[in-house]
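Engineer: Whatever this is, show me its structure:
(2 chains)
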Amino acid sequence: MINVNELRIQYGEFTAVDGVTFEVRRNECFGLLGPNGAGKTTTFSALVGLLHPTGGAVLLDGAHDPREAAVRRRVGIAPQALALYDELTAHENIEFFGRMYGLRGGELRERVRASLEFVGLQDRAGSPAKTYSGGMMRRLNLACGIVHDPELVLLDEPTVGVDPQSRNQIFANIEELKRRGKTIVYTTHYMEEVERLCDRVLIMDRGRVLDLGTVPALIARHGGGSAVTAELAAPPPQGAELPGVLSGDTLRVPTNDALATIRDLDTRGLKIRRLSVEQPSLEDVFLNLTGRSLRD
Amino acid sequence: MYEISAIALKDLRLLLRDKGGLFWVVGWPFINAIIFGFLFSGGGGGSLGGLSLAVVDNDRSALSAAYVAELRKNDALTVEELPLEAARNKVRKGQAVAALSINDGFGDGFGGLFADAGSTPTLQLLVDPSRTAEQGFLQGMLIQAQFGALSTRFQDRTFMRGQVAEGLAALDDYDPATAGAFTPEQRDLVKGMLRSADDFFANADDEVLSGGPFGGDSGGGAGFDLAIPVVGIEREANPNNPPTAFSITFPSGMLWGLLACCATFAVSIVQERERGTLRRLRISPVTPRDILLGKGLACFVACLFVLAMLLVAGALFFGLTVRSLPFFAMSAVSAAFAFVGIMMLLSTMGRTERAVGGSAWAVLLVVALLGGGMVPLLFMPEFMRSLSKLSPGRWAVYAFEGAIWRPLPAAEMLPAWLVLVGVGAVGCALGAWLLRRSEAAD
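Structural biologist: Next up, the predicted model:
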């Protein structure tokens, strides 16, 4: 659905996005993951036609410039910075943005109602946005972006600064959008969100693409192996040969087959109080790719 | 057009929810027009109050009391009886125009009322020399009161008979050898007149006496009435003068309304930018031109609303009359368009609300100052009036005045309308170009 080819965006001498290439497939949830300053929002702005690329191209359906009005009607956005009129009610905010996408009459009324219901704000629809909590504002921000029922939904850090309850509500909303067959581009620096929601993930840092793939594939490529950790109830027998590294009473054994490793430990006569299996995460992927943590 | 009107509607809704902004757009122009209207019309047409006169009654006679009572009857005077030093202080501090001292002997016969040359004056006026004009008025009113007191004396039967008796006694003591001018025949004649007068005062009934010896139709039955009868003459309307002060102040108030709308909507574009909604709008299918036109339409509607509101309120409550409604409509539309153009230009003068708000008011205050928003065009010196032609505000006020009271034909109104439309067109074009340029630079 979206083709980004050798996208380059420069501000003077500073290169914010440097030759980024990727494709977003129809009906998938595509994650843009990277730390602050990685170039996610700049890439995001190019996707919606707000920024004119210094080099390369962004095309929708292989041919259309995102700045075309017809293309914009197919795209919905929930920007990172809340973009709402505080003095207007939730209903008025959604209605106004619906009008900006050409909705009118009965269709507008129905879409406003559906959007309010979708984000769970129908009971507070008549209250000014300025009276909302941070989480409610985020949900309203999302509702304003989807009022015109777009095919492509761009969500830029949609859970920044929200309480756990609203966060879960937003996750549920995004999962519902996926079920309805929407194509979603989701930028975040929270790996848990990407792991939960995204079908494929593009990992960016300093304006460049580090890798792209499904979460399991990325972990398999860059996450390193799993590890079995055993907390020993008694010291190992004198002269016993241990498969991993013993630190205090904790034995950590790197493995590609956790079950086999556990069986092996059992055969060695070790008295084990507790066992756990550590799986690599996107955090490990990012650490291995850049030498830094996502939250650095 | 649908999206443009939706943006305009949203902006007007935001304005209605902003009580502070609403006050400046609607309340302030109204207050401005009313306050200055009352100031220019001399405190609402009420009396400015009488001349303040401090009175020192050293005579304490019936006549001095009658005299003070006569003074008090005069609405043009505010009389306060005080000891001498307090009265002097009042004059010294400018709290009284003058102090009137009624000295001993004032109530002795008729002679005390009007002092002879060379004798000790029975009335003395202590004045502040800088208040010459008021003293002139005051002296006239004092003489009027003296005659009023004299008239009261003439109605006093006992007093008058006493005066006649004194005269007769003097004539009896008269020595023809030393007097020279009075012959015995003349003396007898005068004595006869005085006896007749005594007879009159003794026998005249009260009604005749209250008419006084010079009675008749002089008014109120008092003998003398020095007040010149006042007949009200309706002033001939001069078409070159405004009929009321409000005819001047409402056009100025209308200019303030336009300025406030202009300043309010000039910041609305940067407000959109700061709250992130401009970004959202730019991602939507609407074009920057639509956004700007929506803002312009909102400003235009707000301007027309404020002008209409001021006109209706002025007509309903302050006697404002409109010479030509079509002229007013033309003036309102052209002036609103001019200030929409100025708004669009001002909206590009900064990247933050503070920057645009500050620079907008700086520019608009100059427009107001030169345009007659602070000092009406009518009261400006000639060079300022020439300079004011540089201000769109002046052309707006001139157009409103032309519709409200200036006897201007359409041919003379046309330049004002054309200037305003021209300012609007240039402002819109320049503002749109600057906004596109600044958005492209983002």
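
Engineer: use CA for all of it now, contacts and neighbours both
Structural biologist: OK.

Engineer: Quick one: low-confidence residue ranges for chain B.
Structural biologist: B:41-50, B:109-121, B:133, B:176-181, B:208-241, B:378, B:439-442 (pLDDT under 70).

Engineer: try 50
Structural biologist: Low-confidence segments of chain B (pLDDT under 50): B:43-48, B:117, B:212-224, B:232-233, B:235.

Engineer: so where do the strands sit in it?
Structural biologist: For chain B, the strands defined by DSSP state E occupy B:51-57, B:77-81, B:98-102, B:123-127.

Engineer: Can you give the strand pairings for the longest one, parallel or anti for each?
Structural biologist: Under the criterion DSSP bridges, strand B:51-57 sits next to strand B:77-81 (parallel), strand B:98-102 (parallel) in its sheet.

Engineer: ok, back up a step: is it possible to get TSV of the strands of chain B that adds mean neighbour count?
Structural biologist: Below are the strands of chain B laid out as TSV (neighbours: other CA atoms under 10 Å in any protein chain shown):
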stretch	mean neighbour count
strand B:51-57	23
strand B:77-81	17
strand B:98-102	25
strand B:123-127	17
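
Engineer: now those in a markdown table, with distance to B:A355?
Structural biologist: Formatted as a markdown table, the strands of chain B follow (distance: least, CA to CA, whole Å):
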| stretch | distance to B:A355 |
| --- | --- |
| strand B:51-57 | 53 |
| strand B:77-81 | 56 |
| strand B:98-102 | 57 |
| strand B:123-127 | 58 |
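
Engineer: For B:F327, find the nearest of those strands.
Structural biologist: strand B:51-57 (45.6 Å; CA to CA).

Engineer: residues making contact with the closest one?
Structural biologist: B:64, B:68, B:76-84, B:87, B:90, B:95-103, B:134, B:138 (CA atoms under 8 Å, 6 or more residues apart in numbering or on different chains).

Engineer: Around chain A, pick out the residues from the stretch 201-350 of chain B.
Structural biologist: Within reach of chain A by CA under 8 Å from any CA of the partner chain, the stretch 201-350 of chain B has these residues: B:275-277, B:279-286.

Engineer: Pull the most distant pair out of those.
Structural biologist: B:R275 and B:P285 (19.3 Å).

Engineer: mind listing what the residue nearest to B:G296 when sequence neighbours are not counted touches?
Structural biologist: Spatial nearest neighbour of B:G296, chain neighbours left out: B:V340 (5.7 Å); criterion: CA to CA, 6 or more residues apart in numbering or on different chains. Going by CA under 8 Å, 6+ apart, B:V340 touches B:262, B:296, B:299-300, B:424, B:427-428.

Engineer: that older thread, and B:R275 and B:P285? which has more neighbours close in?
Structural biologist: B:P285 (21 against 16; other CA atoms under 10 Å in any protein chain shown).

Engineer: Pick out whichever of the contacts of B:V340 sits closest to A:P216.
Structural biologist: Of those, the one sitting nearest to A:P216 (CA to CA) turns out to be B:G296, at 53.9 Å.

Engineer: so how many other residues sit close to the closest one?
Structural biologist: Neighbour count for B:G296, taken as other CA under 10 Å: 26.

Engineer: OK, contacts around it?
Structural biologist: By CA under 8 Å, 6+ apart, the contact set of B:G296 is B:8, B:340-341, B:343-344.

Engineer: before we move on, what about A:V201?
Structural biologist: So A:V201 contacts A:30-33, A:194, A:212-215 (CA under 8 Å, 6+ apart).

Engineer: Dump these to TSV, plus secondary structure and distance to chain B.
Structural biologist: Listed next are these as TSV, based on DSSP: H, G, I helix; E, B strand; the rest coil; distance: CA to the nearest CA, whole Å:
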residue	secondary structure	distance to chain B
A:F30	strand	20
A:G31	strand	20
A:L32	strand	20
A:L33	strand	22
A:V194	helix	24
A:L212	strand	27
A:G213	strand	28
A:T214	coil	29
A:V215	helix	30
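
Engineer: part of a helix, is A:V17?
Structural biologist: No: using DSSP: H, G, I helix; E, B strand; the rest coil, the secondary structure at A:V17 is strand, not a helix.

Engineer: quick one: the closest residue to it other than its chain neighbours from A:T21, how far?
Structural biologist: Distances taken as CA to CA, 6+ apart put A:G207 closest to A:V17, at 4.1 Å, once the chain neighbours are dropped. Applying CA to CA, to the nearest Å, the value for A:G207 to A:T21 is 11 Å.

Engineer: try B:G357
Structural biologist: 43 Å.

Engineer: now do B:I34
Structural biologist: 67 Å.

Engineer: What values do phi and psi take at A:T54?
Structural biologist: phi -70, psi -30 (degrees, to the nearest 10).

Engineer: and it, what pLDDT?
Structural biologist: We have a pLDDT of 89 for A:T54.

Engineer: Spatially nearest residue to it (excluding sequence neighbours)?
Structural biologist: Using CA to CA, 6+ apart, the closest residue to A:T54 is A:I9 (4.8 Å).

Engineer: list the contacts for A:D156?
Structural biologist: A:D156 neighbours (CA under 8 Å, 6+ apart): A:41, A:44, A:77-80, A:186-188.

Engineer: what sits up against stretch B:311-324?
Structural biologist: By CA under 8 Å, 6+ apart, stretch B:311-324 touches B:244, B:246-247, B:250, B:328, B:402-406.

Engineer: Please identify the buried residues of it?
Structural biologist: By neighbour count on 16 or more other CA atoms under 10 Å in any protein chain shown, the buried set for stretch B:311-324 is B:311, B:314, B:318, B:320-323.

Engineer: Pull the most distant pair out of those residues.
Structural biologist: Maximum distance among the buried residues of stretch B:311-324 (CA to CA): 15.3 Å, for B:F318 and B:R323.

Engineer: The residue nearest to A:V17 reaches A:A38, doesn't it?
Structural biologist: Yes: here A:G207 reaches A:A38: they are 5.4 Å apart, a contact under CA atoms under 8 Å.

Engineer: Now that B:L171 has come up, it's in contact with B:L189, right?
Structural biologist: No: look at B:L171 against B:L189 with CA under 8 Å: they stay out of range, at 10.8 Å.
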